[in-house]
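1. Any chance you can model this:
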Amino acid sequence: MTDQHTPALQLSGIAKSFGSVRALEHVDFSAWPGEIHAIVGDNGAGKSTMLKIVTGIHDADAGEVRVNGSVESSHNAKTVQDLGVAVVYQDLALVECLDIAQNLSLGNLPRRWGIILDRQRMARDAAKVLSDLKVRVGDVHTPVGLLSGGQRQIIAIARAVRMDKPLILLDEPTAALGVQESARVGTIMRELRAAGKAVVCISHDLEFVFAHADRITVLRLGNSVGTRRTADTTRDEIVGLITGAFPADGRPARAQKEAP
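-> From the prediction side, this is the model:
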């Protein structure tokens, strides 16, 4: 059960270099159950590197990552998932030759007697999760390779929702979507928040961020330079933090809970 008094995700002093290139210098960040927290920043700010550290693809050179209160000591994608993290990467990580139902079940394939793949249950589960999310992408036996880019994005998000983890990370979830599909993603995020999940959304789309996020953290040149409650800030302030026109806060983002 998720502890509402413990951050779902907390990064403290995260640094990462690739040879002589300093990708992250000092990142402090916390996301809480029952909130949508957006991460924004210009290209090269360190957003993707931060995500890959959280998800076990890269190890941090310094700092600490806590997921649902537990320190990531054995740092790999499997242990991160076991700690309660579902991820939708920008490249989606779907298998185009498999159908919708199979893609939604990847990593948790249902079997009868622990041996035989239960295709009927797979199709039923897929149809249910898509129905619950009010998503229409055709028959669940349709190969993912035949779907549009926007439909594939929705399938990837649906797979993360199906995992039912307390922390959901979304990397540019609306990048390939039109207005209607983006609105559907926003609705799904709000439903996850209402269910007590922590939703962390990396996005360049400030309009989407201001419409759906409770808090916004800005990364600039590998540093977390400010966290703002969406209701208490403006687009101009966030853009100023992104570009450096506004100075950084000059202190680590505090870990104590702030009301979303």
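2. which residue ranges form the helices in the stretch 151-260 of the chain?
-> 179-194, 206-212, 235-243 (DSSP state H, counting those that start in this stretch).
3. which stretch among the ones you listed comes nearest R121?
-> Closest to R121 of those, according to Cβ to Cβ: helix 179-194, at 23.3 Å. All C-beta spots, glycine's among them, are computed from the backbone N, C-alpha and C.
4. how about that closest one: buried residues?
-> 181-182, 184-186, 188-189, 192-193 (16 or more other Cβ atoms under 10 Å).
5. got TSV for these, with distance to D249 and pLDDT too?
-> Formatted as TSV, these follow (distance: Cβ to Cβ, whole Å; pLDDT from 0 to 100):
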residue	distance to D249	pLDDT
E181	35	82
S182	30	87
R184	34	85
V185	29	88
G186	28	91
I188	31	90
M189	26	93
L192	28	92
R193	25	95
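6. Which single one of the residues you listed is nearest to C201?
-> M189 (6.9 Å).
7. bridging residues for the residue nearest the centre of the chain?
-> The centroid of the chain falls nearest to L169 when counting by Cα atoms, centre = their mean (1.3 Å). Beta-bridge partners recorded for L169 (DSSP bridges): V87, V200.
8. Tell me the confidence at it?
-> At L169, the model reports a pLDDT of 94.
9. Let me have the helices of the stretch 151-260 of the chain in TSV, extended by distance to R159.
-> Output for those, formatted as TSV (distance: least, Cβ to Cβ, whole Å):
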stretch	distance to R159
helix 179-194	12
helix 206-212	20
helix 235-243	30
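10. do you know which of these lies nearest V27?
-> Using Cβ to Cβ, the nearest of the helices of the stretch 151-260 of the chain to V27 is helix 235-243, at 14.1 Å.
11. Give me the contact list for the closest one.
-> Around helix 235-243, the neighbours that count as contacts under Cβ atoms under 8 Å, 6 or more residues apart in numbering are 40-42, 45, 206, 209-210, 216, 218, 220, 225-226, 228, 245-246, 248.
12. can you check stretch 197-213 too?
-> With Cβ under 8 Å, 6+ apart, stretch 197-213 has contacts from 2, 7-9, 31-40, 47-48, 51, 165-175, 182, 186, 189-190, 192-193, 216, 230, 235, 238-239.
13. Report the mean confidence score over it.
-> Stretch 197-213 carries an average pLDDT of 95.
14. Determine how far the last residue of that stretch lies from the first.
-> Start and end residues of stretch 197-213 are separated by 13 Å (Cα to Cα, to the nearest Å).
15. Now find how far off-centre it is within its chain.
-> In terms of Cα atoms, centre = their mean, to the nearest Å, the centre of stretch 197-213 is found 10 Å from the chain centre.
16. ok, and for that stretch, which residues are buried?
-> 197-203, 205-206, 208-210, 212-213.
17. Out of the helices and strands in this protein, which is least certain?
-> Counting by mean pLDDT, DSSP states H and E, the chain has its least confident helix or strand at helix 77-82, which shows a mean of 71.
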